[in-house]
Each structure stands twice: as C-alpha cells, then as structure tokens.
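>>> Sequence and predicted structure below; questions after.
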Amino acid sequence: MTFTVLSVAGSDPSGGAGIQADLKTFSALGAYGAAAITALTAQNTRTVAAIHDVPRDFVAAQIDTVFEDIEIRAVKIGMLSKATVIATVAERLKAHGARRVGVDPGMAAPCSGRRGWKTRRAVWRCFFGAERSSTSHRRTICS
C-alpha cells in the first residue's frame with residue numbers, strides 16, 4: 001500500500017514552494033500526495049506580488065472530501081495565512097482523526113506586522129500538541 005500524505009498549504013505558481021513543492025517531494029520519497037489549497041499566490045522565485053486567501057469553508061470542503069475517499073496516513077501543514085483558516089484546518093483534522101501532523105509554518109509572504117504575529121500565535125495554539133511536530137525554518141517564519 002502506498003503511503004499517502006495530505007499537504008494543506010498555499011499554492012506557488014513558480015513551483016519552488018507550497019503545494020507544488022510538497023507534491024514533488026512526496027513523489028520523490030515514494031508517497032502519494034493529496035492537497036488542500038489554503039491560499040493562491042502570484043509569485044515567482046524572487047517576489048510575492050499578491051496573495052488570495054481561500055475561504056475557510058472551501059478549505060474545509062477540500063479536506064473533508066479528500067479524507068472521505070483516500071486513506072491519509074500523514075498531514076503536512078504549510079502556509080496558513082489567516083487565523084480563521086488555521087482554526088478550520090485544526091478542527092477538520094481533529095474531526096477526521098489525523099494523527100501524524102507535521103507543521104512547517106513557512107509564512108514569509110504574509111508575515112508583515114500584526115497579521116504575521118497573529119497568524120504565528122494561532123498556528124502555535126492550534127497545532128503544537130503532543131502528537132504534532134514542527135520544522136524550524138527560522139528565516140521563513142519572520143524571526
């Protein structure tokens with residue numbers, strides 16, 4: 001049986017980060033990758049020009065639909081740029097009994113000022129529990 005990983009993250013049209021990079025990584029490691037997109041970005045390898053947050057109800061629908069059909073063995077969390085989306089993702093993963101949840105909160109693009117601080121606090125509050133892990137990409141989480 002193939003190991004299936006769900007990536008819940010933003011989309012990077014340049015392919016260097018976000019859902020696109022996660023799916024390439026999962027494939028290279030022999031896993032099947034599924035995805036729930038939380039934000040659309042207009043970016044290239046040098047800059048982020050714009051971010052469009054996906055409404056939380058649609059993020060929830062993506063997660064629910066994937067879990068209904070595919071046996072998800074692990075979840076990788078990436079860019080979650082709004083506290084409401086963070087809470088929704090945490091709620092849906094709990095509802096589906098997701099046990100292996102890794103958080104890579106690389107939110108460099110939306111990390112300016114109060115929004116970045118509120119977002120990082122919400123990620124810590126919702127995801128860092130006993131059975132969750134985090135990667136430490138210090139530069140990408142606005143330190």
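Structure received. Residues are numbered from 1 along each chain as shown.
>>> what about Leu23, which SS state?
Under DSSP: H, G, I helix; E, B strand; the rest coil, Leu23 falls in the helix class.
>>> Relative to the whole chain's centre, how far out is the longest strand seen in the chain?
Counting by DSSP state E, the longest strand found in the chain is strand 32-43. What separates the centre of strand 32-43 from the centre of its chain is 8 Å, taken as C-alpha atoms, centre = their mean, to the nearest Å.
>>> Now do the strands for this protein: every range, in order, please.
For the chain, strands defined by DSSP E occupy the ranges 4-11, 32-43, 48-53, 74-77, 101-103, 132-134.
>>> Those: lowest mean pLDDT?
Ranked on mean pLDDT, the bottom entry among those is strand 132-134, at a mean of 45.
>>> correct me, but Arg92 touches Ala60?
Yes - the pair Arg92 and Ala60 passes the contact test of C-beta atoms under 8 Å, sitting 5.2 Å apart. C-betas here are computed from N, CA, C, even on glycine.
>>> higher neighbour count, these two?
Between Arg92 and Ala60, Arg92 has the larger neighbour count (other C-beta atoms under 10 Å), namely 20 against 17.
>>> who does the longest strand of the chain touch, helix- and strand-wise?
If you count contacts as 3 or more C-beta pairs under 8 Å, 6 or more residues apart in numbering; DSSP states H and E, strand 32-43 packs onto strand 4-11, helix 18-28, strand 48-53, helix 56-69, helix 83-95.
>>> most tightly surrounded among the ones you listed?
Compared across the helices and strands packed on strand 32-43, strand 4-11 shows the largest average neighbour count, a mean of 24 (mean count of other C-beta atoms under 10 Å).
>>> Mind listing residues that contact that strand?
Contacts to strand 4-11, defined as C-beta atoms under 8 Å, 6 or more residues apart in numbering, come from residues 17-20, 22-23, 26, 31-41, 51, 59, 63, 66-67, 70-81, 89, 93, 98, 109.
>>> and the angle for that strand with helix 18-28?
Angle, strand 4-11 to helix 18-28, by axes from the mean of the first three to the mean of the last three C-alpha atoms, to 10 degrees: 150 degrees.
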